[in-house]
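Q: Provided below for reference: sequence and predicted model.
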Amino acid sequence: MEEGTRRYESEKLQQSVRQLLTEGNNRTKIAEILEIHPRTVDRYIANIHEEDKVKWSKVASESLEDRAIKIKNYYEKIADLAEKKLDDPEISVKDLEIAGKLLIAAHKQVYEMLKYGPLKFTNSVTVEAKEMEDKSDGS
């Protein structure tokens, strides 16, 4: 049998194992149905699990990147809000201090996120940002 034919048959058999697994069959029943050795079924199941891990890793990575970009954009919006407050001539000294701290904290979060990855940031900026938004909505 040629290499390509064997590979095709193997892939087809693995697809059958996957389908039978999703139907709730155990390895013994799958071996019986496909008329193959239970160890062969185990090998196909291991291959299926590896394929699924790779697929899941890709999906998780893409989702994480998308969420990281959204978080980064959110922190940049917080920084913009704080910067606008700093330019407001009627801002109180206390609000000026809060806006300055918020601006620095937001830029620091973006920096840390870019440097260390999206899972290493804290959400300390969001509480202060909410307070700033509430104050700006009330004025």
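A: Okay, I see it. Small disclaimer: the values here were computed from a predicted structure and weren't measured.
Q: Figure out how far stretch 15-30 is from the centre of its chain.
A: Counting by Cα atoms, centre = their mean, to the nearest Å, stretch 15-30 is centred 30 Å from the centre of its parent chain.
Q: State the mean pLDDT of that stretch.
A: Averaged across stretch 15-30, the pLDDT comes to 94.
Q: Check stretch 46-61 too.
A: The average pLDDT within stretch 46-61 is 85.
Q: which residues in the protein form helices?
A: Along the chain, counting by DSSP state H, helices occupy 3-22, 27-34, 38-87, 93-116, 124-138.
Q: mind putting those in CSV, mean neighbour count included?
A: The C-beta positions use only the backbone N, C-alpha and C, and glycine is treated the same way. Output for those, formatted as CSV (neighbours: other Cβ atoms under 10 Å):
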stretch, mean neighbour count
helix 3-22, 13
helix 27-34, 16
helix 38-87, 14
helix 93-116, 16
helix 124-138, 14
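Q: for this protein, what are the low-confidence residue spans?
A: Where the chain drops to pLDDT under 70, the residues are 1, 117-139.
Q: Swap in 50 and give it another go.
A: Within the chain, the ranges that satisfy pLDDT under 50 run 121, 125-127, 139.
Q: measure the residue nearest the centre of it to Asp52 for me?
A: With the centre of the chain defined as its mean C-alpha position, the nearest residue by Cα atoms, centre = their mean is Leu64, 2.4 Å away. The gap separating Leu64 from Asp52 is 18 Å, by Cβ to Cβ, to the nearest Å.
Q: Repeat that for Tyr75.
A: Tyr75 is 34 Å from Asp52, by Cβ to Cβ.
Q: again with Thr22
A: When distance is defined by Cβ to Cβ, Thr22 is 12 Å away from Asp52.
Q: How about Ile91?
A: From Ile91 to Asp52 the distance is 55 Å (Cβ to Cβ).
Q: which one is Ala99 nearest to, not counting chain neighbours?
A: Take Ala99 and drop its neighbours on the chain: the residue closest to it by Cβ to Cβ, 6 or more residues apart in numbering is Lys85, 3.6 Å away.
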